[in-house]
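>>> Here is a sequence together with a model predicted from it:
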Amino acid sequence: MHDIAAAFAAALRMIGELDAGLLGIVALSIKVSLAAVAIATLLGLPLGATVALSRFPGRRGVIVALNALMGLPPVVVGLFVYLMLSRAGPLGPLGLLFTPGAMIVAQAILITPIVAALTRQVLEDAWVEYQEQLLSLGAPPRRALWTLLWDTRFSLVTVVLAGFGRAAAEVGAVIMVGGNIDGVTRVMTTAIALETSKGDLPLALGLGLILMTLVLAANAAAYALKEAAQRRFG
Amino acid sequence: MHAGVSLLPLVLDRVSYAVNGTALIHELNLTLSAGSRTVILGPNGAGKSLALRLCHGLLKPTAGRVRWAGAFTGDPMRRQAMVFQRPVMLRRSALANVAYGLKLAGMGRTERTDRARSMLDRVGLLGLADRPARSMSGGEQQRVALARAWALQPVVLFLDEPTASLDPAASRAVEAIIQAIHEAGTKIVMTTHNLGQARRLADEILFLDRGRLVERTAANRFFSAPATPEARAFLREESL
Amino acid sequence: MKLTLRFLLAAAAMTAMLILPAQAQDRFIVVSSTTSTQDSGLFGHILPLFKARSGIDVRVVAQGTGQALDTGRRGDADVVFVHDKAAEEKFVADGFGSERREVMYNDFILVGPKSDPAKVAGSKDIVASFTNIARANAPFASRGDKSGTHAAELRLWREAGVDVEKNRGTWYRELGQGMGPTLNTAAAMNAYVLADRGTWLSFKNRADLAIAIEGDRRLFNQYGVMLVNPTRHAHVKKDLGMAFIDWLTSPEGQKTIADYKISGEQLFFPNFRKSGT
């Protein structure tokens, strides 16, 4: 109980002081996860759409695989990316290990299946409702896809947010490929891990509170946006 | 008025439709010509909705052929439209919904906005043009769907139980619109469970039973003196 | 198909832009070191001075000793700075490191519950105390993570003639974690634990633990720094890495290390001797 009260105090103090180190860590966390979710959306959305709307042999296997990959353990992804990016590994010459770039790669790998699988679900459900009417109105397949994407835009935003939340919350991948280097690859989750390992639990918890507030704020903003847009467009 | 009048007559030549080996439509032979309002009746599972979708082209027959008039060479889907039992509204305004089909047909922005507004006016919804379509009542949505279909100036309009989900007042409004569309020159092909509606709207009845076309007669003769035992049984059931 | 191709190219371009570092021409080196060194706060004290002196950014990746040496073997670091003399000498002998210099030492301490069930507090003989702990079946938390601290601990058990493998899971608990988490667990279990003084001084979650034994020469923990062999890994920043190593072993660097204090106590004792170590 005392630790929790101390955590709130620590969190408020850090925010009040606008501690430069904290700001740097928060900024990096947002930058890394945002970049990762951008890449994941770029790859996962079309993938999910293709699986949702096309029929091909092995389709059901792909759906099961995508759903299963949503549960990829971050530490396993971290290990895999580490081995790939290490100088002793195939992509060593890129010099990405222990840089934010490696963290973005790892998180992108982690969330692409989430974006793809959830997009597939959203679009497949919508397709069931829309398919006949769109065909009847004369929409060619690609046009129908764009219409579907636009009509499901609110659900898709939620999907992207889910991806962002997962990325911002994970520590297993980024700590391994980033190295938690002070001022270079330290993000909120790895900072929390560090302070915990140093025994400074109130500080760790305080950082945790700040992290959760950020993710909450992002979700609240998206929800408000969705409400406003729904009132306008239905 | 409808440049593709040469689209009709539509001929179904021994059309069958089977799913997983089970035949749901058996060797349907029929010709649909311009002018008359055709209503398809039949008990549940008779295949009315399937027949409609086979005619429209949403489904491909597993045997037999669906042939539009010989002279027609374009995409038949573009000269027809269909309204479903539950209207599918896009997540945009009523006006944008009506304009959507016109946009697909390649119409320019000002022209399609004008056409969409005038169609909404003809179905009595011009005042709600900017309302989000998905937040409208069922009856209003179905009228938007009709406006959207009508805007395409279809040669044939298919309707699959268009008032089954609506209350009586909304149903009457929809029937009035269907009548107006008919009078403007579009061929109406409709299914319904509502015998009163069939009596009001049909010129001819196609009676289906278990995937087969069992009887085809002018509407008044069908209701007063059905020729086949299946039709007689159906009318007896429905009037209970 | 053509659209798909264009799309894939655009996606690849955007991904590359997001990921590849903005090729910062910062002068920096990567140093793999241990979590206990980082947790002690030493780097926070000495690195800013080194940066001001040389303009070189030192990026410390803190791992367990085993992993830190492995990082050096793979060529993912330019310099390795750990505290396991035997492992370091093997690292150089195997050709992964090109030079080893002793930099400083700190000491391990035995931390334990104030109630002292094994009656070892205040002893000057760490080996005898380990024997007593085993005999008393007193709870003991081990890092168990192949770190320098873990290696030192195992050496002491061997000297005490205790087979800890046999007792794993009973009074001897192997945790597979760094110093901080091990201390956390020991505090929760009220167990004895061998810790480095630096981590202990910064550790805030002490619960009922206190220092039981300190000062036995066998508890001294020697730190060595090595350049990763540039012959083996051509990309190693040899000049910048040597600049750091030279500074650490220079009079100025050594004094900076000695000046680092927690609560007025010096943590690390510089002991570089030019005569070759």
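That came in fine, so what should we check first? Residues are numbered from 1 along each chain as shown, chains lettered A, B, ... in the order given.
>>> Look up how far C:Gly253 lies from C:Arg273.
For C:Arg273, the distance to C:Gly253 (C-beta to C-beta, to the nearest Å) stands at 14 Å. C-beta here means a position set from N, CA and C on the backbone, and glycine is covered the same way.
>>> more neighbours, those two?
When neighbours are counted by other C-beta atoms under 10 Å in any protein chain shown, C:Gly253 comes out ahead of the other of C:Arg273 and C:Gly253, with 22 against 9.
>>> What helix or strand is that one located in?
helix C:251-258 (DSSP states H and E).
>>> wait, what's in contact with the residue of chain A positioned farthest from its centre?
Here the centre of chain A is the reference, and by C-alpha atoms, centre = their mean the most remote residue is A:Ser136, at 37.4 Å. When contacts are counted by C-beta atoms under 8 Å, 6 or more residues apart in numbering or on different chains, A:Ser136 touches B:56, B:58, B:77, B:80-82.
>>> Of these, which is the nearest to C:Ala141?
For the contacts of A:Ser136, the residue nearest C:Ala141 by C-beta to C-beta is B:Leu58; the value is 70.1 Å.
>>> Show the pLDDT at the closest one.
The predicted local confidence for B:Leu58 comes out at a pLDDT of 93.
>>> try B:Ala71
Reading off the confidence values, B:Ala71 has pLDDT 62.
>>> can you check C:Pro270 too?
The confidence metric pLDDT takes the value 94 at C:Pro270.
>>> picking that back up, heading C-terminal from the helix holding C:Gly253, find the next helix or strand.
Trace forward from helix C:251-258 with DSSP H and E and the next one is strand C:261-262.
>>> Can you list the helices and strands that that next one packs against?
Strand C:261-262 sits against helix C:197-202, with contacts defined as 3 or more C-beta pairs under 8 Å, 6 or more residues apart in numbering or on different chains; DSSP states H and E.
>>> Residues in contact with the helix it packs on: which ones?
By C-beta under 8 Å, 6+ apart, helix C:197-202 touches A:198-199, C:36-37, C:39-42, C:106-109, C:111, C:179-180, C:183, C:211, C:214, C:262-263, C:265, C:267-268.
>>> and chain B, which residues reach chain A?
Near chain A, the residues belonging to chain B are B:53, B:56, B:58, B:75, B:77-78, B:80-82, B:84, B:88-93, B:100-101, B:104-105, B:131-135, B:148, B:152 when assessed by C-beta under 8 Å from any C-beta of the partner chain.
>>> switch to 7 Å and redo it
Of all the residues in chain B, those in contact range of chain A (C-beta under 7 Å from any C-beta of the partner chain) are B:56, B:58, B:77-78, B:81-82, B:84, B:88, B:90-92, B:100-101, B:104-105, B:132-135.
>>> Repeat that for the stretch 151-277 of chain C.
C:178, C:180-181, C:183-184, C:202-205, C:233, C:235.
>>> which residues touch C:Gly224?
For C:Gly224, the contact set (C-beta atoms under 7 Å, 6 or more residues apart in numbering or on different chains) comprises C:82, C:85, C:88, C:100-103.
>>> For chain B, which segments count as helices?
Taking DSSP state H as the criterion, chain B contains helices spanning B:48-56, B:94-104, B:109-122, B:138-151, B:168-183, B:195-201, B:219-224, B:229-238.
>>> got a list of what A:Ile175 touches?
A:Ile175 makes contact with A:190, A:193, according to C-beta under 7 Å, 6+ apart.
>>> Please repeat the previous calculation with a cut-off of 8 Å.
If you count contacts by C-beta under 8 Å, 6+ apart, A:Ile175 has them with A:78, A:189-190, A:193.
>>> Closest to A:Gly44 out of these?
Distance from A:Gly44 was checked for each of the contacts of A:Ile175 by C-beta to C-beta. The minimum falls on A:Gly78, at 19.4 Å.
>>> Show me what residue of chain B gets nearest to chain C.
For chain B, the residue closest to chain C is B:Leu104, as judged by C-beta to the nearest C-beta, at 19.1 Å.
>>> who touches that residue in this structure?
Residues touching B:Leu104, when contacts are defined by C-beta under 8 Å, 6+ apart, comprise A:137-139, A:143.
>>> swap in A:Trp150?
Contact analysis of A:Trp150 by C-beta under 8 Å, 6+ apart lists B:Arg91.
>>> Out of the contacts of A:Ile175, the closest to chain C would be?
When those are compared for distance to chain C (C-beta to the nearest C-beta), A:Ala193 comes out closest, at 9.4 Å.
>>> Next one: the residue lying closest to the closest one once chain neighbours are set aside, what pLDDT does it get?
Spatially, and ignoring its direct neighbours in sequence, A:Ala193 is nearest to A:Val171 (5.5 Å; C-beta to C-beta, 6 or more residues apart in numbering or on different chains). Each residue has a pLDDT score; the one for A:Val171 is 94.
>>> contacting residues for A:Val171?
Listed by C-beta under 8 Å, 6+ apart, the contact set of A:Val171 reads A:74, A:189-190, A:192-193.
>>> Give the buried residues for the helix or strand containing A:Val122.
A:Val122 belongs to helix A:100-136 when elements are defined using DSSP H and E. The neighbour-count criterion (16 or more other C-beta atoms under 10 Å in any protein chain shown) identifies A:100-124, A:126-127, A:130-136 as the buried residues of helix A:100-136.
>>> Contact partners for the residue of chain B found nearest chain A?
Taking C-beta to the nearest C-beta, chain A has its nearest neighbour within chain B at B:Pro132, 2.3 Å off. By C-beta under 8 Å, 6+ apart, the contact list for B:Pro132 reads A:230-234, B:91-94.
>>> From the residues you listed, which shows the smallest pLDDT?
Across the set of these, A:Gly234 stands lowest in pLDDT, at 65.
>>> where does chain A come near chain B, residue by residue?
By C-beta under 8 Å from any C-beta, the part of chain A that sits against chain B consists of A:129-130, A:132-133, A:135-139, A:143, A:147, A:150-151, A:153, A:230-234.
>>> and if we set it to 10 Å?
For chain A, the residues in contact with chain B (C-beta under 10 Å from any C-beta of the partner chain) are A:126, A:129-140, A:143-144, A:147-148, A:150-154, A:229-234.
>>> Farthest pair within the residues of the stretch 151-277 of chain C next to chain A?
Greatest spatial distance among these (C-beta to C-beta): C:Asn205 and C:His235, at 40.7 Å.
>>> So these two - more neighbours on which side?
Neighbour comparison, C:Asn205 and C:His235: the larger count goes to C:Asn205, with 18 against 13 (by other C-beta under 10 Å).
>>> which residues touch the more buried one?
Applying C-beta atoms under 10 Å, 6 or more residues apart in numbering or on different chains, one finds that C:Asn205 lies in contact with A:3, A:196, A:198-202, C:180, C:183-184, C:186-188.
>>> again, only using 7 Å
Contacts for C:Asn205 were tallied using C-beta under 7 Å, 6+ apart; they are A:199, A:201, C:184, C:187.
>>> Next: C:Val30.
Under the criterion of C-beta under 7 Å, 6+ apart, the neighbours of C:Val30 are A:98, C:59, C:61, C:76-78.
>>> quick check, C:Val120 in a helix?
No - the assignment for C:Val120 is coil, going by DSSP: H, G, I helix; E, B strand; the rest coil, so no helix is present there.
>>> Great, nothing more from me.
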